[in-house]
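K.L.:
I'll drop the sequence and a predicted model, then ask my questions.
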Amino acid sequence: HDWDSNHVPVLADLEFGGVARKVVMVANRNGFFYVLDRTNGTCLLGREFVHQTCAKSVGAAGRPVLLPNSEPTAQGTMTCPDFFGATNFMSPSFNPALRLFFVTARETCGVFYTREQEFVEGQRYEAGGMRRGGADPGYGALRAIDVATGERKWEFRTARPSLAGTLSTASGLVFSGDMDGNFFAVDAST
């Protein structure tokens, strides 16, 4: 699915489960939001932050528990999120006073397929791909995630999936944008 780990991690020192911890928070391209203890790698939280169709949950070690029949096939398999992921390289941000993580979420699906391709050293090799799924292009959203629970607190939708980063300020504003060139500021708490 090409959901490699190019999304931006956010570091914080916060109380998690009643214990002071050094954490790393990541909204992953696979559709799950993670909070990990950055001193030892323990997965403290793994929760879906967009609609995804590949995993039924996140296991204790932090790995998604995959659903059957979600792998690409020669006929094509409809999968959410699409090739570009639930988020991507755009920067998320964090407001420690509100304990909210802000991320540009992409609600998109695609048809993933495999194809026969001979491997030739030094040449591009894919043996598959993705095409947009159905007539619905999906949508984008600036989402606020509670870092203690992974629960979505609010979202600000955009008409199309976006590639904009976020900036959270101590004044209580979050800045972002959309694919139509709009720049916006929203109240971080609502």
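P.N.:
Nice, I can see it.

K.L.:
what sits opposite F175 in the beta ladder?
P.N.:
F175 forms beta bridges with L167, A185, as assigned by DSSP bridges.

K.L.:
buried set for the helix or strand of the chain with the lowest mean pLDDT?
P.N.:
Counting by mean pLDDT, DSSP states H and E, the chain has its least confident helix or strand at strand 128-132, which shows a mean of 85. Buried residues in strand 128-132, counted by 16 or more other CB atoms under 10 Å: G128, M130. (Glycine included, C-beta is placed from N, CA and C.)

K.L.:
cool, and stretch 32-44?
P.N.:
F32, F33, Y34, V35, L36, R38, L44.

K.L.:
Mark which of the residues you listed are part of helices, please.
P.N.:
Secondary structure defined by DSSP state H assigns none of the buried residues of stretch 32-44 to helices.

K.L.:
what's the most distant pair in the residues you listed?
P.N.:
F32 and R38 (17.3 Å; CB to CB).

K.L.:
So A141, which state does it fall into?
P.N.:
strand (DSSP: H, G, I helix; E, B strand; the rest coil).

K.L.:
brain fart, D136
P.N.:
Note that with three-state DSSP, the state of D136 is coil.

K.L.:
Excluding covalently adjacent residues, which one is nearest to it?
P.N.:
C109 (7.8 Å; CB to CB, 6 or more residues apart in numbering).

K.L.:
Looks like that neighbour contacts P81 (just checking).
P.N.:
Yes: the pair C109 / P81 is scored as a contact, 6.9 Å apart, by CB atoms under 8 Å.

K.L.:
higher neighbour count, those two?
P.N.:
Under the criterion of other CB atoms under 10 Å, the comparison of C109 against P81 puts P81 first, with 27 against 20.

K.L.:
what's near enough to touch the more buried one?
P.N.:
W3, R29, N30, G31, V50, H51, Q52, R106, E107, T108, C109, G110 (CB atoms under 8 Å, 6 or more residues apart in numbering).

K.L.:
Count the neighbours of the first one for me.
P.N.:
For W3, the number of neighbouring residues by other CB under 10 Å comes to 20.

K.L.:
how about the residue lying closest to it once chain neighbours are set aside, phi and psi?
P.N.:
Using CB to CB, 6+ apart and skipping the chain neighbours, the partner closest in space to W3 is R29 (4.0 Å). Main-chain dihedrals, R29, degrees, to the nearest 10: phi -60, psi -20.
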